[in-house]
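*Asks:* Quick one: sequence and predicted model below, then my questions.
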Amino acid sequence: MGSRYGWERARVIVLEIIIQSCRSTTLANKGIANMPKISIIVPVYNVEKYIQRCIDSILAQTFTDYELILVDDGSPDRCGEICDDYAKKENRIVVIHKKNGGVSAARNAGLDVARGEYLGFIDGDDYIAHDMYEKLLQACIENNADIATCGRYNVYENKITPRFSFEGSLIWSSKEAIESLLARDNIGSSVCDKLFNRKLFEKIRFPVEQYYEDIIIMPQLLFVANKIVHIGESKYYYNRRPDSFTKETFTVKRMHLLDAYQEVLGFVVEKHPDLKPNAQGLYFNKLLFLMRIMQASEIKGQFRNEYNSVRRLILRNTWFIISNKYLGNRNKIKMLLYATNTYNLFHRIRICTKRLRIT
């Protein structure tokens, strides 16, 4: 009886081994068993006009060991169909179709299925240089860095301008990178012009239902990174669309910018208290930015509550603004003129003075 039971048990074990072997073979045939070096995540929403250019720039990469995860975030146009068409032709492409939840939710959906050792992010209306990921991965490996970043090109309708690019390269420690980020010195908050070791995302996800998600998450990623390297060159093409949310016009959504930088300030104070003045300087600069675009848009009457809210923040922090060494004297004067509703008068006086000098 025992011998018979042992034989049956052995037969079951053999069958399990065969089944597992078949499963592994099937996965390998689908290209799933071989883990890609890089997972590239692209949230896709309402970018039918641009998505093919974006995908084509990724497929043209000189580095080819990657998977491309296209997350159709409930796009109302043909984006989902276009993504599916590409996936039929290219086995490195994975398409996720989901209910609309915003950029953060789409990126998080991509993170949940990503298998790469490194992670990259691209916005669906942008595109990249053919060697961007080859350069960034090489920088990570050669410098044993958790993050590699590059400069970018701001692409306007009639011109292209470089940003965060320079001759040579830079290597930062975690704290040095955060300090540079707060100063906007050769590094910005966008995740799109960077390559990340996936271990950085073990306990970090993009904040859902919040605007300016990159601003919030970038200090957290820099904090857990061992080292950050900048390759110096611009490799990412950031499309400055006329209808883009990031264009310099005021909407109520702009007020969420203050929430994002308030989170950055709180995080920096907790992790690096000595960098508090740096973070405050950045926060005050954003207050000035909001006041400036409010003035330029001449919408004080339409958004009076928001306008007065920013004014009160400036007046409440007058001493910190005056004493902050990371906020230039010119900006300090502008902020106080805006807050006291005397900027327009000062501006008119300055123009009149210039005219008198000319005559």
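*Replies:* On my side now, so go ahead. Numbering: from 1, shown residues only.
*Asks:* can you give me the strands for the stretch 1-150 of the chain?
*Replies:* Using DSSP state E, counting those that start in this stretch, the strands of the stretch 1-150 of the chain run over 38-44, 66-72, 93-97, 118-121, 127-128, 147-155.
*Asks:* how about those strands in TSV, adding mean pLDDT?
*Replies:* As requested, these are arranged in TSV below (pLDDT from 0 to 100):
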stretch	mean pLDDT
strand 38-44	98
strand 66-72	98
strand 93-97	98
strand 118-121	98
strand 127-128	98
strand 147-155	97
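*Asks:* Columns mean neighbour count and distance to residue 112 on top of those, output as CSV?
*Replies:* From N, CA and C alone the C-beta is placed, and that goes for glycine too. Output for those, formatted as CSV (neighbours: other C-beta atoms under 10 Å; distance: least, C-beta to C-beta, whole Å):
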stretch, mean neighbour count, distance to residue 112
strand 38-44, 26, 10
strand 66-72, 25, 10
strand 93-97, 18, 9
strand 118-121, 24, 12
strand 127-128, 23, 23
strand 147-155, 23, 21
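*Asks:* and residue 275, what does it touch?
*Replies:* Neighbouring residues of residue 275 by C-beta atoms under 8 Å, 6 or more residues apart in numbering: 175, 178, 179, 182, 268.
*Asks:* among those, who's most crowded?
*Replies:* residue 178 (28 neighbours; other C-beta atoms under 10 Å).
*Asks:* what about that one, helix or strand, and which?
*Replies:* Residue 178 belongs to helix 174-182 when assigned by DSSP states H and E.
*Asks:* Output the contacting helices and strands for that helix.
*Replies:* helix 213-224, strand 228-239, helix 256-271, helix 276-297 (3 or more C-beta pairs under 8 Å, 6 or more residues apart in numbering; DSSP states H and E).
*Asks:* between these, which one is nearest to residue 102?
*Replies:* helix 213-224 (8.2 Å; C-beta to C-beta).
*Asks:* And residue 53, how far from residue 42?
*Replies:* 12 Å (C-beta to C-beta, to the nearest Å).
*Asks:* Same question for residue 225.
*Replies:* Taken as C-beta to C-beta, the span from residue 225 to residue 42 is 23 Å.
*Asks:* Residue 295 contacts residue 335, correct?
*Replies:* No: look at residue 295 against residue 335 with C-beta atoms under 8 Å: they stay out of range, at 11.7 Å.
*Asks:* Tell me which of the two has more neighbours.
*Replies:* residue 335 (27 against 17).
*Asks:* show me the residues around the closest residue to residue 320 other than its chain neighbours that make contact.
*Replies:* The spatially closest residue to residue 320, leaving aside those adjacent along the chain, is residue 280, at 6.1 Å (C-beta to C-beta, 6 or more residues apart in numbering). The contact partners of residue 280, taken as C-beta under 8 Å, 6+ apart, are 265, 320, 324, 326.
*Asks:* Quick one, which of these are buried?
*Replies:* 265, 324, 326 (16 or more other C-beta atoms under 10 Å).
*Asks:* Distance to residue 287 and pLDDT for those - can I get that in TSV?
*Replies:* Written out in TSV, the entries for these read as follows (distance: C-beta to C-beta, whole Å; pLDDT from 0 to 100):
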residue	distance to residue 287	pLDDT
265	12	97
324	12	92
326	13	90
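*Asks:* Which one of those residues is nearest to residue 139?
*Replies:* The closest of the buried ones among the contacts of residue 280, once distances to residue 139 are taken by C-beta to C-beta, is residue 326, at 28.6 Å.
*Asks:* Flag the shaky bits of the stretch 201-350 of the chain, pLDDT-wise.
*Replies:* 242-248, 296-301, 343-350 (pLDDT under 70).
*Asks:* quick one: the closest residue to residue 176 other than its chain neighbours from residue 183, how far?
*Replies:* Distance criterion C-beta to C-beta, 6+ apart; nearest residue to residue 176, sequence neighbours excluded, is residue 228 at 8.0 Å. Per C-beta to C-beta, residue 228 is found 14 Å from residue 183.
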